[in-house]
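Chemist: Sequence below, structure please.
(4 chains, ligands or ions: 4)
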Amino acid sequence: MTTQQKTRTLTMAQAISEAIGQEMERDERVFVMGEDVGKYGGIFSATTGLYERFGKERIMDTPISETAFMGAAIGAAAEGLRPIAELMFVDFFGVCFDQIYNHLAKNTYMAGGNIKLPAVVMTGIGGGYNDAAQHSQCLYASFAHMPGMKVVVPSNAYDAKGLMIQAIRDDNPVVYCYHKGIMGLSWMSYFEGSTNEVPEEAYAIPFGKARVVREGSDVTIVTLSQMVQKAVLAADTLAEEGISAEIIDLRTIVPLDTETVLASVAKTGRLLVADEDYLHFGLSGEIAALVAEHLDTIRLKAPVRRLAVDAVPIPFSRPLEQHVIPQVDGIVAAVKAQLATPIGL
Amino acid sequence: MTTQQKTRTLTMAQAISEAIGQEMERDERVFVMGEDVGKYGGIFSATTGLYERFGKERIMDTPISETAFMGAAIGAAAEGLRPIAELMFVDFFGVCFDQIYNHLAKNTYMAGGNIKLPAVVMTGIGGGYNDAAQHSQCLYASFAHMPGMKVVVPSNAYDAKGLMIQAIRDDNPVVYCYHKGIMGLSWMSYFEGSTNEVPEEAYAIPFGKARVVREGSDVTIVTLSQMVQKAVLAADTLAEEGISAEIIDLRTIVPLDTETVLASVAKTGRLLVADEDYLHFGLSGEIAALVAEHLDTIRLKAPVRRLAVDAVPIPFSRPLEQHVIPQVDGIVAAVKAQLATPIGL
Amino acid sequence: METTSDRLLWMYRTMVEIREYEETMAKVYLEGKLPPKIQKGLAFDIGAGPVPGEMHLAAGQEPVAVGVCAHLRDEDSVVGAHRPHHFAIAKGVPLNEMTAEMFGKVTGLGRGKGGHMHLFDPAHKFSCSGIVGAGAPQACGAALAAKKLGKDWVAIAFFGEGAANQGSFHEALNLAALWKLPVVFVCEDNKYGISVEKGDSTAIASNADRAAGYGMPGVLVDKNDALAVFEAAGVSIDRARRGEGPTLIEVKTDRYYGHFQGDPETYRPKGEVKALREHDPIPALGAVLREQGLLDDARDAELREAIRSKVQAAFDFARHSPYPDVAEAHRHVFVD
Amino acid sequence: METTSDRLLWMYRTMVEIREYEETMAKVYLEGKLPPKIQKGLAFDIGAGPVPGEMHLAAGQEPVAVGVCAHLRDEDSVVGAHRPHHFAIAKGVPLNEMTAEMFGKVTGLGRGKGGHMHLFDPAHKFSCSGIVGAGAPQACGAALAAKKLGKDWVAIAFFGEGAANQGSFHEALNLAALWKLPVVFVCEDNKYGISVEKGDSTAIASNADRAAGYGMPGVLVDKNDALAVFEAAGVSIDRARRGEGPTLIEVKTDRYYGHFQGDPETYRPKGEVKALREHDPIPALGAVLREQGLLDDARDAELREAIRSKVQAAFDFARHSPYPDVAEAHRHVFVD
Ligand SMILES: Cc1ncc(C[n+]2csc(CCOP(=O)(O)OP(=O)(O)O)c2C)c(N)n1
Ligand SMILES: Cc1ncc(C[n+]2csc(CCOP(=O)(O)OP(=O)(O)O)c2C)c(N)n1
Ligand SMILES: [Mg+2]
Ligand SMILES: [Mg+2]
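Modeler: Residues are numbered from 1 along each chain as shown, chains lettered A, B, ... in the order given. Ligands and ions are numbered 1, 2, ... in the order given. Alright, predicted model coming up:
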């Protein structure tokens, strides 16, 4: 990006719909399917304005039949189209996951590379606004665990646009997860750091490149999505106390930028994973394992720490929900505890 | 278990159907639903003989409608019955996972403990017999990642019986995963270590207690299901070369016996996780993370190692399939490589 | 509820109660959300106020709930969906605990852990789910249990016309018909699945016509009328109770509010709700009762007053109940 | 295939080819599996031999494949299920690469990585899946693409009567009818879903009767006859091609082998297969051809010989092709 580019401040929702709109203009094969993506403009505004511009043949409201339209995305992609299918909340993946993980993700492999499926599954993730156990999950690790899907998890409008354009142009299935609490919706409190400057023209951000959001020397906080915004606030607080945190925004978890993570932890000697998905058998374990596999080259100063939703469904009640989802103060506390737990020699 | 008990050698399939039969006799509320569980006796023989004994009212063949019968299991369990629902291959979970993870697993929590759902989801897992990408997966970590389900993964007939009885008696949802390659089927090559002595009478094995299959001092191999049998063979080979491997059979992954794992790794200083599920964002990462979180008390002699299916669907072709699924020689090689990679001081 | 007049009166009273409940909730829901915390662009804060999160109200759809539940007993099961209040109230779920649940209080049905789409009352055999289409298979399970236990209990699955396009609908209907389960499937056709009109989601005009594909009776109640629902449901529930198998009923009904509170409803023709409200089913049933001499102005005022107090009391109960302690978040993942 | 006689002859030849293929596969499949590796209790080793893994054969079901595919062009899509050979052959998938795939060889359609339930041939627009019911939504996608691209291509979804109870069936039919997609759903009723008889899985006798629930034509072909399928499919495919929307066809057909090779078939009445084979559709169509003067003993022998060679050549090709190098296992998770 050169400094001459025209930028404006956009919300993440605006950035996403702008990206889709630009790609739809560039490439006739791109179209959108999903529930309420049309007149409504997407429940989380990811398609706002597109129906008016492109009409109902390209911005297609579907019946509440996720299996049917995910399957249709596969069939259409196999014919050379480039569908974007919105799964309104990622929590609903259980009604259509077979189409996604057994077909969309595997057909290319099973075909020995003879077919490609350039489809984007776009979906809303995350809690924090009391939508309870069936509408607040992140679940990105459940997609990343399965081979054959790229998994994108932006934390701000600038990245959201560039990663969406990359997702649409990628010839492989991409699961694109936007956290509802950073979309900048007019009806949901959001983290303002996610609304940032976005160039007007189209640009793509390559997958598999984490972003060092902030450099630091005492601890590496590996994080993603909304939690990046929380980590930034936590780092501000820590800085006031003289603790220097490096923040890594993974941006995509498949592919995973292991190099950036390992280099940072090698430098700081401490790893905290801050994640809003479920704690066990998921993302935070993967990052911790990555470091544990490199202990011949990385010298840790403290045990690895993980912050995530610890083996409970997301409770509805506001104080309970805010308790189980890691918050800014939880990140601060975890870092301090980590600094207080040295590895003995 | 006293030494007076009458035991016989049973295959794991026989042990499972015996357990179900005994519980059905003890408790009228227990019944089985699934595809081909009746006259056929279960594709993997987990219900062999039960239809003849209990009739079609209690051993119920279902339509190919996994969502319907998983949902029916929930509704029936809420009324106090104790359904066992067989999902023929775990690979099919994508057509019914919503009922399992959003409802069966969460309703008790969302009801504040006011309802209980004593249902067992029993399912066949694993590859090695060339059933390709949609019929060879393990996927237990995908269940364990989600809160609200206990996850059982037996490695032999003795455990299989005791864990099934415990599963049926448990007042919570239990996902019971039997690996097809240790069932002792007459039509699939199996690991003979899984066919062992089983007492005739009913007995329950508590969840959350790993079994130290073999004590050792140089490395801890944490494993489960069929991979336990492979690990035993690998340990035999290693022993010939003077390498002493301790093998831990997790038996259940929710609850997870973290104590046994940590104690063993503290002793040996080396952890190898041998797993047949997908490598990333799953079980092997969780075990590695557990150790990484305890590096203040555990002193590792080598980086953690993980063996699992590395980010590819299971290929059909026999040499490829045998290559991507960890085998005995892979375990041997991984241990040796680990011994050759010390953590520098 | 012995006589038909008792039932008519019960239906009327319950409809009034549901309406009062929903209108009260609509107001209370906005508390604390407007004006929102100062944040750029924020017009409304869904996570704020005494009742945070999504809120789907059923005002206008009362006839479906009361017409069906008038035939039910405590032991009969009802499985609702994401818009569950009318069903819960008609099934006898206590208002206090139900309201406390929506406030996230420890006195709630689920100790605050479920929320408005997840109301579980085993005593009144009521449950619901926020996943569209998930309830029908579970109702089959309740019906299967009744059959296995040798009881004449029935199970009702309520869901919207949008849900009828989910695979679970098909699977549940086939299973119920195949196993002759005592279940009645009741589809509320309120014309919309969020913003999508039925004609843009459903290949045929009436889901009742889908019943034939399962060899079960299909009944269309083509007006938003409690008595019409009452009659259709009576036949179907009796049939199920006699062990003769399931029925699919579709009722044309009206949604007076947005899909959820805060819905801009830009997809909805202007004036539509106003027109719908002119056919409000509550005064319509009131008129019938008056004709039969079961209701007059005085009794109406009296019962409305009683209901207002009851609803008010429930909201007071919820408001004044304590939040659960955070330790509560870690309990009940499993029963002990 | 210009004239009707050409098509009739093609159907006959293709049925013979399918039968020959399945019978050859039945034999080759057993190679190396019997006698098995010495292991206690092992009677058969599914993972051994040149064609390891599951094997679902379609002998007896040829009329469905040829009756439909006789109307198709290369650009039309076919999505099959776990029992896919007859469809693949009728759609023109080359035997060599298809067979090599089932041997797990690098010359296979999917370089050996798919296997018998996962045959992908984009040149002939053929695909299939081992997940029951998964194909119909994907066929909708192919049809949607045709529509968007302004082509008169059609898509066929083939599946069994067991699959018709999956939710995906319902969702796909609704979507296809709603969007008027050029897709034809063809249900093969071979009476069994593995061991479960249709009457124990399906609430009604014919899935054709389910079409009304989507406002689409439903056609029952009540005999295992290529000409009958040909006629019904012709009408439906033409209709789809003209842009008039989908059709659901159910064909009563017969499964001559077990569900998979090795199936003990204890659930099957003794003598059933023998009785079914007495109505073999291949000689039946042969008789029609003979009546019309299109076939005689000499031509029959000649074409059978040619087919035998072709099938033999395919198995030879597969057998003599190399296995992929293990590095191949790590390729094509993503296209480059
Ligand atoms: C599986 C699933 N898909 C989508 C949604 C999002 N959603 C919630 S309510 C709703 C509309 C439901 O329409 P309908 O069934 O007609 O019920 P109504 O809201 O009209 O009462 C949708 C799409 C969901 N909760 N679950
Ligand atoms: C979702 C799913 N459930 C179950 C199975 C296991 N299974 C494979 S084939 C089959 C029977 C299918 O019956 P039908 O659709 O009639 O086809 P047929 O085998 O008779 O050709 C079953 C249950 C599966 N592969 N996928
Ligand atoms: Mg509706
Ligand atoms: Mg069949």
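Chemist: Report the contact partners of residue 300.
Modeler: Looking at chain A here, since you left the chain open. By Cβ atoms under 8 Å, 6 or more residues apart in numbering or on different chains, the residues touching residue A:300 are A:265, A:269-271, A:291, A:343, B:295. Yep, even glycine has a C-beta here, placed from its N, CA and C like the rest.
Chemist: meant chain C, my bad for not saying
Modeler: Contacts of residue C:300 (Cβ under 8 Å, 6+ apart): residue C:286.
Chemist: swap in residue C:217?
Modeler: C:211, C:236, C:239, C:247-248.
Chemist: go again using 6 Å as the cut-off
Modeler: Counting by Cβ atoms under 6 Å, 6 or more residues apart in numbering or on different chains, residue C:217 makes contact with residue C:247.
Chemist: tell me the phi and psi of residue 254?
Modeler: I'll assume chain A. Residue A:254 adopts backbone torsions of phi -130, psi 110, taken as degrees, to the nearest 10.
Chemist: should've been chain C
Modeler: Dihedral angles (degrees, to the nearest 10) for residue C:254: phi -130, psi 140.
Chemist: For it, give its distance to residue C:88.
Modeler: According to Cβ to Cβ, to the nearest Å, residue C:254 and residue C:88 sit 20 Å apart.
Chemist: just residue A:235 next, same as before
Modeler: Counting by Cβ to Cβ - residue A:235 and residue C:88 are separated by 46 Å.
Chemist: Show me the strands in chain C, by range?
Modeler: Using DSSP state E, the strands found in chain C span residues C:77-79, C:126-127, C:155-160, C:183-189, C:192-193, C:196-197, C:218-221, C:247-252.
Chemist: quick one: the residue sitting nearest the centre point of chain C from residue B:25, how far?
Modeler: The centroid of chain C falls nearest to residue C:87 when counting by Cα atoms, centre = their mean (3.2 Å). Distance, residue C:87 to residue B:25, by Cβ to Cβ: 39 Å.
Chemist: Looking at chain A, which residue is nearest ligand 3?
Modeler: residue A:64 (9.3 Å; Cβ to the ion).
Chemist: tell me the contacts of the residue in chain C that ligand 3 sits nearest to?
Modeler: As assessed by Cβ to the ion, ligand 3 sits closest to residue C:160 within chain C, at 3.5 Å. Residues counted as contacts of residue C:160 (Cβ under 6 Å, 6+ apart) are residue C:188.
Chemist: Model confidence for it, exactly?
Modeler: Note on residue C:160: pLDDT of 98.
Chemist: and what of residue A:51?
Modeler: Residue A:51 is given a pLDDT of 98.
Chemist: ok so, going back, I'd guessed the residue nearest to the centre of chain C sits against residue C:157; true?
Modeler: No. Contact between residue C:87 and residue C:157 fails when scored by Cβ atoms under 6 Å: they sit 10.4 Å apart.
Chemist: What's the end-to-end length of stretch C:29-42?
Modeler: 17 Å (Cα to Cα, to the nearest Å).
Chemist: Give me the distance from it to the chain's centre.
Modeler: Offset of stretch C:29-42 from its chain centre (Cα atoms, centre = their mean, to the nearest Å): 28 Å.
Chemist: Look up the closest residue to residue C:140, ignoring the ones flanking it.
Modeler: residue B:72 (4.7 Å; Cβ to Cβ, 6 or more residues apart in numbering or on different chains).
Chemist: Pull the number of nearby residues for the one you found.
Modeler: Close neighbours of residue B:72, defined as other Cβ atoms under 10 Å in any protein chain shown, add up to 34.
Chemist: Look up how far residue B:35 lies from it.
Modeler: 13 Å.
Chemist: try residue A:25
Modeler: On the measure of Cβ to Cβ, residue A:25 and residue B:35 end up 48 Å apart.
Chemist: Which residue of these two possesses the greater neighbour count?
Modeler: Per other Cβ under 10 Å, whichever of residue A:25 and residue B:35 has more neighbours is residue B:35, with 27 against 12.
Chemist: And for residue A:28, the neighbour number?
Modeler: 12.
Chemist: Can you tell me the element it falls in?
Modeler: Using DSSP states H and E, residue A:28 sits within no helix or strand.
Chemist: quick one: stretch C:175-185 to chain centroid distance?
Modeler: The answer for stretch C:175-185 is 21 Å, by Cα atoms, centre = their mean.
Chemist: Give the rounded mean pLDDT of that stretch.
Modeler: So the average pLDDT for stretch C:175-185 ends up being 98.
Chemist: For ligand 1, give me its nearest residue in chain C.
Modeler: When scored by Cβ to the nearest ligand atom, chain C has residue C:160 as its residue closest to ligand 1, at 2.3 Å.
Chemist: Enumerate the residues of the stretch 51-200 of chain C near ligand 1.
Modeler: When proximity is defined as Cβ under 6 Å from any ligand atom, the stretch 51-200 of chain C approaches ligand 1 at C:82-83, C:130-132, C:159-163, C:188, C:190, C:192-194.
Chemist: Residue A:169: what's it in contact with?
Modeler: So residue A:169 contacts nothing (Cβ under 6 Å, 6+ apart).
Chemist: Go again with 7 Å.
Modeler: Residue A:169 sits next to residue A:204 when contact means Cβ atoms under 7 Å, 6 or more residues apart in numbering or on different chains.
Chemist: do residue A:85 as well
Modeler: Contacts were defined as Cβ under 7 Å, 6+ apart; by that measure residue A:85 touches A:33-34, A:69-70, A:73, A:119, A:121.
Chemist: closest to residue D:103 among those residues?
Modeler: Set against residue D:103, the nearest of the contacts of residue A:85 by Cβ to Cβ is residue A:119 (30.9 Å).
Chemist: quick one: the closest one and ligand 4, what's the gap?
Modeler: 30 Å (Cβ to the ion, to the nearest Å).
Chemist: okay, which residue is most central for chain A?
Modeler: residue A:153 (1.4 Å).
Chemist: now the stretch 151-300 of chain C, which segments are flagged as low pLDDT?
Modeler: By pLDDT under 70, the stretch 151-300 of chain C has no low-scoring segment.
Chemist: Assess the claim that residue A:97 and residue B:94 are in contact.
Modeler: Yes. Between residue A:97 and residue B:94 there is a contact at 3.7 Å, judged by Cβ atoms under 7 Å.
Chemist: Skip the chain neighbours and tell me the closest residue to residue C:325.
Modeler: Nearest one to residue C:325, counting by Cβ to Cβ, 6+ apart, is residue C:106 at 7.7 Å.
Chemist: and that neighbour, what does it touch?
Modeler: By Cβ under 7 Å, 6+ apart, the neighbours of residue C:106 are C:112, C:321-324, C:328.
Chemist: Swap in 8 Å and give it another go.
Modeler: Contacts of residue C:106 by Cβ under 8 Å, 6+ apart are A:317, C:100, C:112, C:321-325, C:328.
Chemist: and what of residue A:53?
Modeler: Neighbouring residues of residue A:53 by Cβ under 8 Å, 6+ apart: residue A:21.
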